[in-house]
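**Q** Fold the following, please.
(one chain, ligands or ions: 1)
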Amino acid sequence: MRNALALQQINKTYDHFRLHDIDLSVPEGQIMGLVGVNGAGKTTLMRILMGLIRPDSGNVEVLGLPMPDAQVAAKRDIGFASEDMRLYQSQSLRWHMDFVSSIYPSWDEHYAEELMKRFDLRAEQVLRGFSHGQRVKAMLLLNLARRPKLLLLDEPTTGLDPVARSEVLEALSDVLRDETRTVMFSSHNTHDVEQLSDTITFMHQGRILACKDKESFLDDWRRILCQGTLSEQVKGLPGVAMARQNGSIVEIKVRHYRDDLPEALRKEGLLVQRVEPMNLEDIFVTTVRAGASA
Ligand SMILES: Nc1ncnc2c1ncn2[C@@H]1O[C@H](COP(=O)(O)OP(=O)(O)OP(=O)(O)O)[C@@H](O)[C@H]1O
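**A** Prediction:
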């Protein structure tokens with residue numbers, strides 16, 4: 001399968017931040033969710049993919065074209081929605097739709113009308129009067145109706161109420177049905193990401209901590225509850241990412257869980273009471289706090 005985007009050994013340094021040796025690729029037709037806390041570097045990565053920022057080193061290829069050098073050609077087939085993209089406040093949604101359709105021959109008016117109904121937007125309304133949620137939906141409509149080969153969505157669900165969020169997530173999952181379209185979207189919210197993504201990437205402090213499909217994350221991690229006293233030896237057992245004493249209970253979170261771990265814990269004087277799966281949010285938070293790869 002061909003890659004829709006590929007980043008190789010990307011570095012970018014700002015005064016107080018650095019993207020470190022980013023290697024990341026997304027095959028055509030896949031949905032990649034990029035999860036990271038504030039300041040992780042998600043927007044910087046997306047801007048590099050769009051050719052808006054030139055990395056200090058490394059190679060960027062988007063839809064088979066080198067970026068930023070071929071950005072004019074590549075952008076014909078990329079949709080990019082981010083909060084800081086400005087719409088014209090004094091113009092209506094219809095004006096924006098006409099404007100975008102005049103530039104992009106791939107504009108699908110039928111799909112645009114369908115999205116307008118689904119998002120409950122009015123074409124004649126002037127953007128100044130739009131709420132935050134309506135603005136996000138308008139931005140998505142303008143990008144989705146172009147039917148780009150690659151969609152880059154920077155935090156499309158941030159700041160939306162629960163209803164608007166589910167409408168946006170539904171529209172995005174419809175995009176999934178088209179196997180020729182690739183989507184990369186960023187979020188703080190693991191729930192949104194796990195609903196939509198084939199592959200999930202954890203990013204923190206400018207580094208990729210992990211990149212795999214959801215099932216692999218869930219298979220790998222376990223939370224173990226034991227009775228007893230936590231020792232340094234337990235913290236040093238293979239795979240232990242977090243261990244803490246809570247009264248008489250010891251809680252342990254483990255990556256690369258192996259069936260022989262309960263026996264190793266018993267040898268350290270702990271009485272294992274429960275071994276349970278972890279959800280993606282817990283895995284993400286534990287990974288970030290452990291500061292290691294998942
Ligand atoms: N042009 C710039 N000059 C200096 N520093 C920058 C610049 N752009 C981004 N940064 C810094 O890079 C870091 C990563 O920012 P970025 O916006 O990529 O993170 P993010 O993961 O998208 O965060 P958020 O979730 O808050 O949007 C931040 O510390 C930010 O201050």
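**Q** Just give me the residue closest to the centre of the chain.
**A** Leu34 (2.2 Å; Cα atoms, centre = their mean).
**Q** how about that one, secondary structure?
**A** Going by DSSP: H, G, I helix; E, B strand; the rest coil, the secondary structure assigned to Leu34 is strand.
**Q** contact partners of the one helix or strand Leu45 maps to?
**A** Assessed by DSSP states H and E, Leu45 sits inside helix 42-50. The set of residues that contact helix 42-50 without belonging to it, under Cβ atoms under 8 Å, 6 or more residues apart in numbering, is 5, 7, 10, 12, 17, 19, 22, 24, 34, 36, 53-55, 60, 62, 67, 71, 75, 78, 80, 82, 152, 154-155, 184, 186, 203. C-beta here means a position set from N, CA and C on the backbone, and glycine is covered the same way.
**Q** Only the buried subset of those residues, as a ChimeraX command please.
**A** Selecting just the buried residues from the contacts of helix 42-50 in ChimeraX takes one command, with 16 or more other Cβ atoms under 10 Å as the test:
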select :5,7,10,12,19,22,24,34,36,53,55,60,62,67,71,75,78,80,82,152,154,155,184,186,203
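**Q** Which members of the contacts of helix 42-50 occur in helices, if any?
**A** Counting by DSSP state H, those place 71, 75 in helices.
**Q** Report the entries of the contacts of helix 42-50 that also contact the ligand.
**A** Near the ligand, taking Cβ under 6 Å from any ligand atom as the test, the members of those found are 17, 36.
**Q** Which ones among the contacts of helix 42-50 map onto strands?
**A** Mapping these onto strands (DSSP state E) picks out 5, 7, 10, 12, 17, 19, 22, 24, 34, 60, 62, 67, 78, 80, 152, 154, 184, 186, 203.
**Q** and the chain, which of its residues are near the ligand?
**A** For the chain, the contact set with the ligand under Cβ under 6 Å from any ligand atom comprises 14-17, 36, 38-44.
**Q** from these, which two are the most distant?
**A** Comparing all pairs in these by Cβ to Cβ, the longest separation belongs to Asp15 and Gly36, at 19.7 Å.
**Q** Restricting to C-alpha, output the helix holding Leu45 in PDB.
**A** Only the C-alpha atoms of helix 42-50 are listed here, as PDB (Å, rounded to 0.1, in the frame of the first residue of the first chain):
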ATOM      1  CA  LYS A  42       0.600  18.400  16.900                       C
ATOM      2  CA  THR A  43      -0.100  21.600  15.100                       C
ATOM      3  CA  THR A  44       3.600  22.100  14.200                       C
ATOM      4  CA  LEU A  45       3.600  18.600  12.700                       C
ATOM      5  CA  MET A  46       0.400  19.400  10.600                       C
ATOM      6  CA  ARG A  47       1.900  22.700   9.400                       C
ATOM      7  CA  ILE A  48       5.000  20.900   8.300                       C
ATOM      8  CA  LEU A  49       2.800  18.400   6.400                       C
ATOM      9  CA  MET A  50       0.900  21.400   4.700                       C
END
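**Q** quick one: that helix to chain centroid distance?
**A** Centroid separation for helix 42-50 versus its chain: 12 Å, with Cα atoms, centre = their mean, to the nearest Å.
**Q** Tyr257 and Leu237 touch, don't they?
**A** No. Under the criterion of Cβ atoms under 8 Å, Tyr257 makes no contact with Leu237, lying 11.3 Å away.
**Q** Is Leu93 in contact with Met139, as I believe?
**A** No. Using Cβ under 8 Å, Leu93 and Met139 do not qualify as a contacting pair, with a distance of 10.4 Å.
**Q** Looking at the two, which one has more neighbours?
**A** When Leu93 and Met139 are compared on other Cβ atoms under 10 Å, the one with more neighbours turns out to be Leu93, at 24 against 20.
**Q** tell me the contacts of the more buried one?
**A** Leu93 makes contact with 116, 121-125, 127, 138, 141 under the criterion Cβ under 8 Å, 6+ apart.
**Q** For those, pick the one with the most neighbours.
**A** The member of these that has the most neighbours, counting by other Cβ under 10 Å, is Leu141 with 26 neighbours.
**Q** Can you show me the strands along the stretch 151-294 of the chain?
**A** Secondary structure of the stretch 151-294 of the chain, counting by DSSP state E, counting those that start in this stretch: strands at 182-187, 199-204, 207-213, 222-227, 240-246, 249-254, 271-277.
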